[in-house]
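Peer 1: sequence and predicted structure, then a few things I'm wondering about:
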Amino acid sequence: MNRDEKEAAVKEISSELESAGAIFAVDYRGISVPQAAELRSKLRDSDASFSVVKNRLAKRATDGTDAAAALDEHLVGPTALTFVRGDAVVAAKTISDFIKANDVLAYKGGLMDGATLAPEQFNAIAKLPGVEILRGQLVGLAASPLSGVVRTLNQLLAGLAQQLGQVAEQGLVSGEPPAAESEADEPAAAAADEPEPEAEEPAAEAEAETTSESEDEADQTPEEGGDDADTDAGDEKED
């Protein structure tokens with residue numbers, strides 16, 4: 001590597017250090033080329049890159065930066081730096097799972113949000129759920145009471161609609177009786193309007209009898225009066 005290539009490598013590492021939110025230094029001994037390609041592919045999901053660096057050039061890149069105290073002591077032996085621009089938890093989990101599955105790589109040390117990240121801290125964050133998973137859980141927790149309220153309101157509205165339907169069927173909304181009851185009441189109303197022949201016939205007969213009796217009395221009164229007058233007159237003449 002000539003001088004220009006070294007300068008370009010230092011600039012590239014410096015640029016990665018500035019843009020990364022977390023930096024993991026790992027010992028890459030034992031990893032094969034296909035395995036390294038697989039790890040790089042998986043790290044892209046968390047917007048992270050896996051780069052094998054020369055320790056001397058990496059120290060030049062960290063010189064005068066906050067990363068120097070966290071990384072320089074680990075820039076010995078075969079070293080690869082993981083520059084994380086996305087979710088550091090997901091990147092740590094990816095590296096941890098890869099180490100367990102392939103029995104290669106070893107975390108040395110690193111930097112996260114400006115603070116030194118020791119191996120035990122790295123292992124701890126690797127067990128945490130990612131940011132997106134946490135967001136989904138928070139959204140679920142926030143939405144669960146709201147969905148319960150919506151479900152309760154829907155049940156109340158459904159019950160109210162059912163009750164209003166029953167009231168409408170009973171004719172209490174429009175003021176008219178239901179059709180079934182109206183039809184049932186029509187024969188009773190018709191029967192009430194019809195005259196009662198049995199009750200009127202005796203009344204007619206009684207009226208006819210009264211009229212006949214009056215006529216008989218009228219016919220008998222003059223005759224009876226005449227007889228009495230004649231009798232009285234005869235008596236006077238005899239006197």
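Peer 2: All right, it came through fine.
Peer 1: measure Phe83 to Ile125 for me?
Peer 2: Distance from Phe83 to Ile125, counting by Cβ to Cβ, to the nearest Å: 16 Å. C-betas here are computed from N, CA, C, even on glycine.
Peer 1: so those two - more neighbours on which side?
Peer 2: Phe83 (22 against 17; other Cβ atoms under 10 Å).
Peer 1: the more buried one is in contact with Leu17, isn't it?
Peer 2: Yes. Under the criterion of Cβ atoms under 8 Å, Phe83 makes contact with Leu17 at 7.4 Å.
Peer 1: list residues touching both of those two?
Peer 2: Residues touching both Phe83 and Leu17 (Cβ atoms under 8 Å, 6 or more residues apart in numbering) are Ile23.
Peer 1: check contacts around the closest residue in space to Ser14 that isn't next to it in sequence.
Peer 2: Nearest residue to Ser14, sequence neighbours excluded (Cβ to Cβ, 6 or more residues apart in numbering): Ala61, at 4.5 Å. The contact partners of Ala61, by Cβ under 8 Å, 6+ apart, come to Val10, Lys11, Ile13, Ser14, Leu17.
Peer 1: only the buried subset of those, as a ChimeraX command please.
Peer 2: Selection command for ChimeraX covering only the buried members of the contacts of Ala61, criterion 16 or more other Cβ atoms under 10 Å:
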select :10,13,14,17
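Peer 1: which of the contacts of Ala61 fall in strands?
Peer 2: Assigned to strands by DSSP state E, none of the contacts of Ala61 qualify.
Peer 1: mind checking which of the contacts of Ala61 land in helices?
Peer 2: Cross-referencing the contacts of Ala61 against helices under DSSP state H gives Val10, Lys11, Ile13, Ser14, Leu17.
Peer 1: do you know the pLDDT at the second one?
Peer 2: If I follow you right, that is Lys11. pLDDT recorded at Lys11 is 93.
Peer 1: now the ones in helices among the contacts of Ala61 in JSON lines, with distance to Val52?
Peer 2: Output for these, formatted as JSON lines (distance: Cβ to Cβ, whole Å):
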{"residue": "Val10", "distance to Val52": "15"}
{"residue": "Lys11", "distance to Val52": "17"}
{"residue": "Ile13", "distance to Val52": "11"}
{"residue": "Ser14", "distance to Val52": "17"}
{"residue": "Leu17", "distance to Val52": "16"}
